[in-house]
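1. Quick one: sequence and predicted model below, then my questions.
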Amino acid sequence: MSTLTSLARAEAVRAGRAQPIATVRHVHVHDRPLVLVPLTLAGEANAPLAAMVGDDPDKPRLLVVAQPRNRDQRFAFATALAGVIVSYADGFTARVEAVAGDRARDIRVRFADAPQIVVPNPGGVDFARLFGRSTRFRRSYGDYAVDPAVPMLGRWLTFFAERAEYPGSCLLLAATEALALHWATGQSLVEDQNLAALLGWIDPPVGLTGAQAAVLAEDAGTWPPAGPTTDPTFDSTVLAPLIQAGDVPGLEKALTAQLEPTWGLVWRAVDRLRALPAGPRVAGRWDADKEAYTAHVQHLRDGGPPQPRRDSATAAAQRLNRLERAQASYAAQRAFDDPLVLAEYRLAGEAFVGTVTAAEPERVEGAGRSRKLRPHIVVSTADPVRLAPGTALVAPTRSGQKATLIAITGDGVLLELSGGMGRAATPAPGTVPEVGERICYSSLTDGYQPVADFPRREDTPWTHGGPPAGYDPAPVGDAADAAATDTVAADAAEEWS
Amino acid sequence: MSTDVLPAVLADLRSGLHRGVVVDSPPGAGKSTLVVRAAAELAAGGDPLIVVAQTNEQVDDLVVRLADAVPDATIGRLAAQDYQAPARIRDRPAVRVGRKLAELPGCGIVIGTAAKWATVGDRVWPWAIVDEAYQMRSDMLLRIANLFDRALFVGDPGQLDPFSTVDIDRWTGLTWDPMQSAVAVLLSHHPTMPVHRLPVSWRLPPTAAPVVARAFYPFAGFEAGTVAGQRHLEFTARASGTASAGPLDATVDLAADRGWALYELPARHAVRTDGQAAAACAELALRVLERGTVAYSERDPAGVPVTADRIAIGAAHRDQVAAIRSVLGTAGDGITVDTANRLQGREYDVTVVLHPLSGRRDASAFHLESGRLCVLASRHRHACLVVARAGIPELLDAHPSTEPVHLNVPVKFPDGWEAHQATMSHLERLRIRAVS
Amino acid sequence: MSDVEARLARIRGTAPVREHTARTIAALTTNPGCDRRAVLDAAGIDKQKLAGYVEFPVPSGQSPFAISRGNAFEAQVKADGCAGLLRLLGERLGLPVPEVSYADLAPAGTGASLDARHARTRELLAEAAAAGPDGGVLLDHPLLRLDVGGRAAYLEPDLIAVRLRGRFHVVEIKSFAVIDGQADGRKVAAAATQAAVYVLALRGLLAELGYGPETVADEVVLICPENFANQPTAALVDVRRQLTVLTRQLSRLARIGDLIATLPADLTFDLGAAGAQPEPGCGGGEHPPRFSDDSAVPGRPVVEVVGALHATRARYAPECLDACELAYFCRDEARGQTAALGRSVHDELGGVPDVAGVLDLAAGTRVPDPDQAEAAELLRLAARLRAESLASAL
Ligand code: SF4
């Protein structure tokens, strides 16, 4: 958090409702997202109890495990969930679009859309990750055989959960997190974990303040927990007797009552988010999601193996590199899209907005062949600039041009410009900010960041344990099963009881 | 006790029993000297060798020292496209600068940053020396480790850990967790790899070594290379007579006498860029200048004036640094003001430290990180003056212990909370209160 | 009875002492800056009941499914004299398991008294310690004692103290899963702190027998189910940090007298149960007056009890919601305070303690004290940037 967000929280306390901390939407909201509200049985390792799932707010599908400790029933649940999730996730492959690569003639093709799953909270993302882990290595033959849909579900859930770690990815969203990106409530982050309370602040019912709505929302009787953990009182007074009695209709009714409120809340969250205008760079990030989706579908079609249990040394380092690059560009994009996000950087002195008060557009350095255009401008600002001389800055509106901070004087910030001015001896018209122009500079860049080189898996150095044994990384077709046998056999045998 | 560990280090390295050797170096224990001597010895054996450091400045420093130590060797400075060689490098005929290895033929020793080495492939050197290995991240080591057969890793385990901009626990517990330090990943794969320690700090005076050792190196420990009385500060100008300067002068006097002093401002929850605290830091540094402080030591038995370039002010945050700089103004030209991150590896006669917890109500993990305080408290050869608002011991006592514990992740010692307690309990005895 | 004990007895009033458990001792480290909690814990007051009485009950209770799963797992690990556990220690941790004698100190149905169990634990540990490094022993249902703020707390390690490599190890059995080598960091932390309490108690007992602290390993053995099956796995957890923190908090608790001295002399949290009168100065201690029935109806006006609570200084933070039974009460009391919005929020708002002050300073409608001048400047700048950014987006 920051001073600005904290101030918004203070404002929310006085106003009695949540305050915006974003002026545009920073997440992609699908036309037809799939909402998933999972519940697990307390005390067990991610044992499913029930789920409400579907892409139509009016037609939730309820899945229940009547005896959560029964292996067959768990797999029946997994099969049924696969029926919904895999067919939804598979359903965006009909249309493709062509995209230009780095060079104009490298045309690639990707799917024109991708799936989006929305869960209530980060616990829902964990559910997807763990359920993916417990199902993706299952086999549809031999001992402990399961329905072929089960491992497929596992691979899809793992894909979604891994994408959820990517800064800026929207294939799998947690409603609480997506909302908290846009609104500050008059309560703490701890309390914001409760979806009902959070929406109580964002959308208090008529006649109530956000604080009052949030307190009501904490009553597990009216607003059951959004899962995956259930309310202990519900467990002891309702669930345990019903499971004991094997009363399936009773269970379905009771679990529907636990799930329906959250189901409604998640759809409300989706609607609230959808109503915000999308930031200009959201679509670009969704394109990256489409790429990832395309690659995953291709991997499945090629008969690629399931995702490993843990990343190898090289895979981990590569993934960290991708995540850090995504993080940097996501941060910059949000700031460029949204003045309120940019304000965080202005307050920290890492960005400033001001007016050009002097400009020397035709200033040059050097002579003859080394003659270079190096215009100077002075930007007068009321912001507390804390950038060191020599720092390279960019204006989001002039991303092709570098501005080097020369000095901070009483008149303002003196900048030296290079690039983005055309090839002539003098700058092309409009390429140098003019006196009177309002402009923003910051050290954030969303520019191209080179991909780092990493050793291949089989070249993992001795410092990191040397090349890992077994589990061929990319076998194709039948070989996949054979190569993966050892690990998979052990996993398939996992009792899951 | 022999203070020269180099022979044992080289013996281990050449024994053929280990692919790597680690040398832990507490602050000012002669890490660079060890790196240079080890490089000279290995180069003398006739095998080509590479040296890896983390920043361009570190690389340039090593290049200069190596060129002095091995005058007859040709040293290659592998550099990035936009590197501008500083004068101290350009002046050396025996040093070649190249953007590619092909531009450095015949160089027995090639030095570059880890990031630059990561772009080199297709060649394996028999030896490498990796400097500041605790500041290098595991994923960087992964990228360069195929360049050498055997390596010497040197670094200071007490300083700031490398960090990442992403915060996920996907890899916690893995021996190759890419967010760990290079040494951590190395030792978890090679638990029997020899670890040597440099036992003596030549920088820290006898007043500081035991305090820093106890707080930040509780298991390994180290000693000061000098004994009491070998170093001292004298003033050639008298203390100011004004009432407000009284406590400032008293703090400077106390620090000169005891090696440490705590200048305590009244308790208050303040903004991070606390103006009073920033002013106190600046004023203390200026008092050291104005008093005409002269430093006597084993290096300068006749005394040397403590000029601005021998003074540093350290803080935790960049905005604090900016605030201190602006109060310091031109009177403090030449005084280094920087964050802990950027003061790593540097040395001064006198330092002024804005305590990371000054004015805070609650301590965050950032503020408590032991490496941050360790860097700030171990840059000085003579005296360290700490500026803080009252209330830090209470804050530490009130600190909730809620950090998660991860399986198969070695617990990091010292713990920041404990290190802070230890440091504070020493400083509290050397306290001067500001006039409020 | 010392003055402090007498004072604590008066603060507690007629209610029975709520004895410390490893869990409540571990909880001392979660908000050590809170005086209110320190006083209530030192006096042995039932915070849950108190919270309910002042009409801020916290939802509590554990799911029956979690309880039965925990019990089943523990029984499984301990089956056959812990045969499976011993195998695990050898295989997973490489701990050489010598010939081990197994002793159950409270076999089901025997109903041994606390004192008897503690005495027997002490006896067996003395024997094992005297037997030298190879004297392997596995104690089931041992009973340890720890001095907590002057009162003895009885502690029941989940299992056991094992002598391995010459040192006693505390073994903690938990039913949360370790999946591909990873477990929930908060759950592991809680288990580690709890186990550290046992290490302290065990060290205390062995110290009485003349053995140094190194006799007890500062690594504890954590047994959890692995992946999605019920098979146990073992991990060693280093609890040195937890030991330092606990030791420090216990020593602060021992100095509770300083804190109590600052409280109003007539302070009491007595709920005034019908028929029982608090007897200042002679309750508490080792023989507190106990009600025969814990459900006796309290009769003291709620406002008085609330007043007593307000007389103690709290240090509420949202993290209390997961850690303290009084959280809803304290949260309500802290409404309007910046710290109630998050530990870091107070700092980010320049150390201004109340929301109204923050907003007035930000709006420039309140003249700041000299102390708050810088905070006011920061807040006004933040408010300007916020307003400007919101306006520019329209
Ligand atoms: S809830 Fe109240 S009594 Fe409990 S620790 Fe927090 S502030 Fe203290």
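-> Right, received. Where do you want to start? The shown structure was predicted, so the numbers you read here are calculated from the model rather than taken from an experiment. Residues are numbered from 1 along each chain as shown, chains lettered A, B, ... in the order given.

2. use CA for all of it now, contacts and neighbours both
-> Fine.

3. The stretch 151-300 of chain A: strands as residue ranges?
-> For the stretch 151-300 of chain A, applying DSSP state E, counting those that start in this stretch gives strands covering A:172-174, A:183-184.

4. Please apply the same query to chain C.
-> C:100-104, C:136-140, C:144-148, C:151-155, C:161-164, C:167-173, C:219-225, C:232-238 (DSSP state E).

5. who wins for proximity to residue A:75 among those?
-> Closest to residue A:75 of these, according to CA to CA: strand C:219-225, at 20.4 Å.

6. quick check: angle from the closest one to strand C:232-238?
-> Interaxial angle, strand C:219-225 versus strand C:232-238 (axes from the mean of the first three to the mean of the last three CA atoms, to 10 degrees): 150 degrees.

7. where does chain A have low pLDDT?
-> Applying pLDDT under 70 to chain A flags the ranges A:1, A:104, A:470-497.

8. Which part of it gets nearest to the ligand, residue-wise?
-> Residue of chain A nearest the ligand, by CA to the nearest ligand atom: residue A:190 (13.8 Å).

9. what's the distance between that residue and residue C:318?
-> Taking CA to CA, to the nearest Å as the measure, residue A:190 falls 6 Å from residue C:318.

10. Settle it for me: which of those two has more neighbours?
-> A direct count of neighbours by other CA atoms under 10 Å in any protein chain shown for residue A:190 and residue C:318 places residue C:318 higher, at 21 against 15.

11. which one of the strands of chain C lies closest to residue B:361?
-> So among the strands of chain C, strand C:144-148 is nearest, using CA to CA, at 28.0 Å.

12. Partner strands of the closest one and their direction?
-> Strand C:144-148 has its sheet partners listed here by DSSP bridges as strand C:151-155 (antiparallel).

13. Provide the contact partners of the partner strand at residue level.
-> Strand C:151-155 has contacts (CA atoms under 8 Å, 6 or more residues apart in numbering or on different chains) with C:19, C:20, C:21, C:22, C:114, C:143, C:144, C:145, C:146, C:147, C:198.

14. State the distance from the residue of chain C found nearest chain A to the ligand.
-> Of all residues in chain C, the one sitting closest to chain A is residue C:66 (3.8 Å; CA to the nearest CA). To the ligand, residue C:66 is 25 Å away according to CA to the nearest ligand atom, to the nearest Å.

15. residue contacts, that residue?
-> Per CA under 8 Å, 6+ apart, neighbours of residue C:66: A:42, A:43, A:44.

16. And for residue B:262?
-> So residue B:262 contacts B:251, B:385, B:386, B:387, B:388, B:427, B:428, B:430, B:431, B:432 (CA under 8 Å, 6+ apart).

17. The third one bridge partners, please.
-> It stands for residue B:386. Going by DSSP bridges, residue B:386 forms beta bridges with residue B:262, residue B:353.

18. Just give me the neighbour total for it.
-> 26.

19. my read: it touches residue B:352, true?
-> Yes: with contacts counted by CA atoms under 8 Å, residue B:386 reaches residue B:352, the gap being 5.8 Å.

20. Name the helix or strand for residue B:358, please.
-> Taking DSSP states H and E as the definition, one finds residue B:358 inside no helix or strand.

21. can I assume it is in contact with residue B:392?
-> Yes: with contact defined as CA under 8 Å, residue B:358 counts as touching residue B:392 (6.9 Å).

22. For residue C:77, which non-adjacent residue is spatially closest?
-> Once flanking residues are discounted, residue C:77 sits nearest to residue C:85: 6.0 Å by CA to CA, 6 or more residues apart in numbering or on different chains.

23. Let me fix that, I meant to ask about residue C:202.
-> Using CA to CA, 6+ apart and skipping residues adjacent in sequence, the residue nearest residue C:202 is residue C:144, 6.7 Å away.

24. Run a quick neighbour tally on the one you found.
-> The local packing of residue C:144 (other CA under 10 Å) involves 25 other residues.

25. ok now do residue 337, which residues does it touch?
-> Since no chain was named, I'll use chain A. Each residue near residue A:337 by CA under 8 Å, 6+ apart is listed here: A:24, A:279, A:280, A:281.

26. my bad, chain B
-> B:312, B:313, B:314, B:315, B:321, B:324, B:325.
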